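J.: Need coordinates for the below:
(2 chains)
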Amino acid sequence: MLAKRIIPCLDVKDGRVVKGTKFVEFRDAGDPVELAAMYDRSGADEVVFLDISASQEGRGTLLDMVRRTAEEVFIPFTVGGGIRTVEDIREIVKAGADKISINTAAVQRPELIAQGAENFGSQCIVVAIDARKVPGQQRWQVVTHGGSQATDLDVLEWAAQVEKLGAGEILLTSMDADGTRDGYDNSVTAAVSDAVNIPVIASGGAGNLEHFRDALIIGKADAVLAASLFHFKELSVSQVKEYLLSCNIPIRPGIAREVE
Amino acid sequence: MIGIIDYGMGNLRSVQKAFEAAGNPATLTRDSQELCGFSGLVLPGVGAFGRAMENLHKLGIAKKIVEEVGGGKPFLGICLGLQLLFSRSEESFGNLSEKGLDIIPGVVHRFPADLKVPQIGWNQIVVKKDSVLLKEIPKDGYVYFVHSYYVKPYQPEVVLTTTDYGMEFVSSVAVDNVYAIQFHPEKSSTLGLKILKNFGEIVSERRLG
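T.: You can find the predicted model right below:
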């Protein structure tokens, strides 16, 4: 049986981790590759990098980071942020990423999903969906541009469409829950999980151990993603895993490894 | 030195680096004449079975692999590199007319349509037979899979592990000096590196012995 996955996310700008100051024990606290390798050793099942560089130089640094990650990190990793074209996907995959994630560009040009899946396989194409609840209604709308622009798209319809187009996985972030630490939005997660037959990664709102369990059980998610909670070491990946194992959820136990 | 066969089927840098991290220096090679110089060979790869066989023949590597393996050289197939060792596959034509290297008697099938295909993610091995390759690997350890096809060996005694994906399939095999695994050791964290280290030991023991 496939294990449920725990996925730390790293925000990267110009080749450096944003909010990188907490890791004082590292030689280089802002190096995304070093942090991803640490997550690998501490039992993370995957790592997601979200690039928020705006400049061309930032993109070049990103490719270098992807190459180094492929050489130093021995779990699958996904790269998202600023990917607009099949050529962008090709560059990142060629540099060694296992998957890429697209968000705004997929909404603007849904054919990018199909082109990506044809060229690199569905397993490589993650579509990130940012969802916001429509006030007073039991439905959610898709928002783009990092949550700043609302669209007319319904989240459940969009999720079904991206699956048809060839997406291998959906990374679902609740804009209502994101940053609150009050727990994932399990209603939207469960609704999307029911609407599609591809894995759904829940994102946004993790604040404690129970939140992870609830997203996997109530939200029916296949994987849970968290950024700041892991980043600021309020919880470790292995703590989350131990807890979920104690709830009888299928989880790959983290096996410590000495640094080579 | 371990030689990783690079025949144009995917980025193999991470496989090479994983061998290094596991303490075994390894080099990429696509020259069939070089293969005899290595003390162990690795055939990784992702993509289509048909194209992979075509590339192996075109580069003159297919014949060399059969020779080297026949001479007793330790060999490790990974993912597509496992499937290529079998007799025939149904990948390209939907029947079993496509020929593999035929080093391990058996066939390659696609997962049934009622399962999510490809299988992607961490799944457990169930150890059926002890092997040096799996030394100190937990009997129910998790490893990372990405594949749409699985192998069916004709001889059950070659099976090292199986895995449950709605159906039980063979996730690793061994015949004499030939080892092959369906999962990706370079993406399987601690356990994956340990398996590569074990293969490295198989290689150095043969060289010294």
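J.: alpha carbons only for contacts and neighbour counts from here, please
T.: Fine.
J.: Point out where the chain drops to low pLDDT.
T.: Defaulting to chain A. Counting by pLDDT under 70, chain A contains low-confidence residues at A:19-29, A:54, A:256-260.
J.: meant chain B, my bad for not saying
T.: Filtered on pLDDT under 70, chain B yields the residue ranges B:209.
J.: Would you mind naming what in it lies close to chain A?
T.: Within chain B, the positions near chain A by Cα under 8 Å from any Cα of the partner chain are B:11, B:13-14, B:17-18, B:21-22, B:116, B:118, B:120-124, B:141-142, B:146, B:164-166, B:186-190.
J.: Quick one: distance of stretch A:173-188 to the chain centre.
T.: On the basis of Cα atoms, centre = their mean, to the nearest Å, stretch A:173-188 is displaced by 14 Å from the centre of the chain it belongs to.
J.: Show the end-to-end separation of that stretch, please.
T.: By Cα to Cα, to the nearest Å, the extent of stretch A:173-188 from end to end equals 9 Å.
J.: In strands only, show me the residues of chain B next to chain A.
T.: Secondary-structure check on those using DSSP state E: residues within strands are B:120-124, B:142, B:146, B:164.
J.: Show the buried residues in the residues you listed.
T.: Neighbour-count burial within those applies to B:120-124, B:142, B:146; the criterion is 16 or more other Cα atoms under 10 Å in any protein chain shown.
J.: Could I get the full set of strands for chain B?
T.: Counting by DSSP E, one finds strands in chain B at the ranges B:2-5, B:26-29, B:40-43, B:75-78, B:86-89, B:98-99, B:104-110, B:119-124, B:126-127, B:142-147, B:149-153, B:159-164, B:168-175, B:178-181.
J.: Can you classify A:V162 as helix, strand or coil?
T.: In terms of secondary structure, A:V162 is helix; the call rests on DSSP: H, G, I helix; E, B strand; the rest coil.
J.: quick one: it and A:G116 touch, right?
T.: No. With contact taken as Cα atoms under 8 Å, A:V162 and A:G116 are classed as non-touching, separated by 11.7 Å.
J.: Pairing partners for B:W122 in the sheet, please.
T.: Here B:W122 sits in beta bridges with B:Y144, going by DSSP bridges.
J.: I misspoke; the intended subject was A:V79.
T.: With DSSP bridges as the criterion, the beta-bridge partners of A:V79 are A:F49, A:I100.
J.: Number of residues surrounding it?
T.: Around A:V79 sit 26 other residues, with neighbours defined as other Cα atoms under 10 Å in any protein chain shown.
J.: And for the one 5 residues further on?
T.: Using other Cα under 10 Å as the criterion, A:R84 is surrounded by 16 other residues.
J.: Just give the closest residue to A:A202, not the sequence neighbours.
T.: For A:A202, ignoring the flanking residues on the chain, the nearest one in space by Cα to Cα, 6 or more residues apart in numbering or on different chains is A:V224 at 4.9 Å.
J.: Skip the chain neighbours and tell me the closest residue to the residue in chain B that chain A sits nearest to.
T.: Distances from chain B to chain A, computed as Cα to the nearest Cα, single out B:K187 as the nearest residue at 4.2 Å. The shortest distance from B:K187 to any residue other than its chain neighbours is 4.2 Å, reached at A:I75 (Cα to Cα, 6+ apart).
J.: For chain B, see how far away A:I129 is.
T.: Per Cα to the nearest Cα, to the nearest Å, A:I129 is found 20 Å from chain B.
J.: and the helix or strand encompassing that residue, what does it pack onto?
T.: A:I129 belongs to strand A:125-133 when assigned by DSSP states H and E. Contacts defined by 3 or more Cα pairs under 8 Å, 6 or more residues apart in numbering or on different chains; DSSP states H and E place strand A:125-133 against strand A:99-102, helix A:111-120, strand A:140-144, helix A:155-165, strand A:169-174.
J.: mind putting the ones you listed in a markdown table, distance to A:H211 and mean neighbour count included?
T.: Output for these, formatted as a markdown table (distance: least, Cα to Cα, whole Å; neighbours: other Cα atoms under 10 Å in any protein chain shown):
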| stretch | distance to A:H211 | mean neighbour count |
| --- | --- | --- |
| strand A:99-102 | 24 | 25 |
| helix A:111-120 | 31 | 19 |
| strand A:140-144 | 21 | 22 |
| helix A:155-165 | 22 | 19 |
| strand A:169-174 | 14 | 24 |
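J.: What's the local residue count around the residue lying closest to B:K64 once chain neighbours are set aside?
T.: Setting aside the residues directly before and after it, B:K64 is nearest to B:S32 in space (Cα to Cα, 6+ apart), at 6.5 Å. One way to gauge burial is a neighbour count; for B:S32, by other Cα under 10 Å, it gives 16.
J.: for the one 5 residues further on, same thing?
T.: Close neighbours of B:G37, defined as other Cα under 10 Å, add up to 11.
J.: again with B:R207
T.: By the other Cα under 10 Å criterion, the neighbourhood of B:R207 contains 12 residues.
J.: is it true that it touches B:G72?
T.: No. Taking contacts as Cα under 8 Å, B:R207 lies outside contact range of B:G72: 10.8 Å.
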